[in-house]
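Enquirer: Return a 3D structure for these sequence lines:
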Amino acid sequence: MRAYYQLTLAQLRIFLRNRQVLFWTLAFPIFLMIMLGAFLGNGNGISLSVAIVDEDKSEQSKELVKELLKNEAISLEKDLNEKEALKHLKKGDMSLVVIIPKGYESSVVNGVQANPFKLPVYYNETNLAVSQVGLQLVNNAVDTISKKQVDYKPVVVTDSKGVDALNLRYIDFLVPGIVAMMIMSNNMNGVAGQISSWRERGILRRMQGTTLKASTFIAAQITARFMLNGLQAMIVLGVAWLVFGIEVRGSWLTVISFVTLGTLAFMAIGFIIAGIAKTPESAGPIAGFLSFPMLFLGGVFFPIKDMPEFLQPIVQILPIAHLSHALRETMNVGASILDLGLEAIILGGWLIGAFIVASFTFKWE
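Expert: This next block holds a predicted model:
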């Protein structure tokens with residue numbers, strides 16, 4: 001037990017003395033989080049740029065514009081002529097162009113339902129999903145105007161009931177992913193590099209010549225890295241709370257549990273890489289070869305559901321995908337560890353499987 005405590009303290013001192021590495025392993029995730037959060041953090045909805053070319057300039061045309069402005073998703077541009085508006089639409093700067101021709105007011109006031117007035121609406125065919133939403137909003141506004149004119153009274157109406165849903169921003173999605181990325185990098189890449197370096201310098205060989213057990217050595221490594229990961233995760237979450245107002249809606253115990261599982265799973269993978277790599281110089285590229293794809297396929301920066309279907313089976317087995325999802329569900333939704341049983345089982349499977357493989361690949365010399 002004494003050897004375990006001494007090794008743990010020694011490992012922590014190594015971390016703390018190497019201030020440059022410690023700074024950059026913490027500074028990079030925080031820098032990345034702040035940069036992406038500043039540019040994309042508040043984006044959570046759809047925005048429609050609509051140009052209104054009012055050639056009629058009547059009270060009725062102004063009423064239509066007011067009706068469109070009631071929808072917060074629409075951003076209106078009213079200072080363009082038809083030629084300029086269509087030019088912006090072709091360049092992709094506009095989602096829709098609505099032309100209100102001369103004679104609109106007289107047609108609306110005196111119009112006949114059998115021959116309704118046609119309002120030209122141009123849309124962007126290359127972004128059909130957004131255009132369809134915009135067309136529906138314009139149709140709703142026009143339909144409202146028509147109903148007012150003919151004093152239309154519906155037979156059936158909807159009883160709308162609002163639901164207070166979670167107002168999640170991109171930064172809420174990003175922060176748990178950044179924490180998962182940091183755990184992966186610190187443990188998988190860090191362990192692979194450090195153990196390979198110690199083997200080349202003969203430190204592991206000298207340890208093997210003592211009464212030190214391999215289990216004690218690994219347990220000390222786990223404890224020290226878990227303490228470091230926990231401290232770094234708290235700092236990242238603290239910065240996210242101060243800068244972006246991020247909150248942890250779930251249990252801190254659940255967060256700590258998955259930080260522990262993630263640390264163990266990625267440490268085990270790191271030991272495998274350290275066993276395979278012949279030199280410290282080769283350990284880094286091997287770890288990078290594995291970690292780099294996981295950053296983009298593991299749901300750190302982008303939702304997994306938005307990825308191509310042929311990648312889904314690969315994504316669903318990645319440990320970082322389940323770690324980032326578990327942290328995201330806990331922090332954003334308040335899920336308990338019982339709700340995240342599948343994620344815990346898969347991370348546990350990676351932990352057990354990787355440590356079994358690591359026990360065969362690990363070499364003292």
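Enquirer: Find the residue ranges of the stretch 1-150 of the chain scoring beneath the pLDDT cut-off.
Expert: Per-residue confidence for the stretch 1-150 of the chain (pLDDT under 70) gives these ranges: 1, 3, 11, 15-16, 18-26, 40-47, 72-73, 111-116, 127-130, 146-150.
Enquirer: same thing but at 80, please
Expert: Residue ranges of the stretch 1-150 of the chain with pLDDT under 80: 1-8, 10-32, 36-48, 68-76, 78-79, 91-93, 106-118, 124-138, 140-150.
Enquirer: In it, what residue spans correspond to helices?
Expert: 2-17, 19-40, 59-69, 82-91, 104-110, 128-150 (DSSP state H, counting those that start in this stretch).
Enquirer: Let's have those in JSON lines, adding mean neighbour count.
Expert: Yep, even glycine has a C-beta here, placed from its N, CA and C like the rest. Shown next, in JSON lines, are the helices of the stretch 1-150 of the chain (neighbours: other C-beta atoms under 10 Å):
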{"stretch": "helix 2-17", "mean neighbour count": "14"}
{"stretch": "helix 19-40", "mean neighbour count": "15"}
{"stretch": "helix 59-69", "mean neighbour count": "16"}
{"stretch": "helix 82-91", "mean neighbour count": "15"}
{"stretch": "helix 104-110", "mean neighbour count": "16"}
{"stretch": "helix 128-150", "mean neighbour count": "15"}
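Enquirer: Residue 232: which of the ones you listed is closest?
Expert: Of all the helices of the stretch 1-150 of the chain, helix 19-40 sits nearest to residue 232, with 5.4 Å by C-beta to C-beta.
Enquirer: how about the helices of the stretch 1-150 of the chain, which one is nearest residue 251?
Expert: helix 19-40 (22.5 Å).
Enquirer: just to revisit the earlier point, and the helices of the stretch 1-150 of the chain as a markdown table, adding distance to residue 223?
Expert: Shown next, in a markdown table, are the helices of the stretch 1-150 of the chain (distance: least, C-beta to C-beta, whole Å):
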| stretch | distance to residue 223 |
| --- | --- |
| helix 2-17 | 5 |
| helix 19-40 | 17 |
| helix 59-69 | 60 |
| helix 82-91 | 58 |
| helix 104-110 | 75 |
| helix 128-150 | 50 |
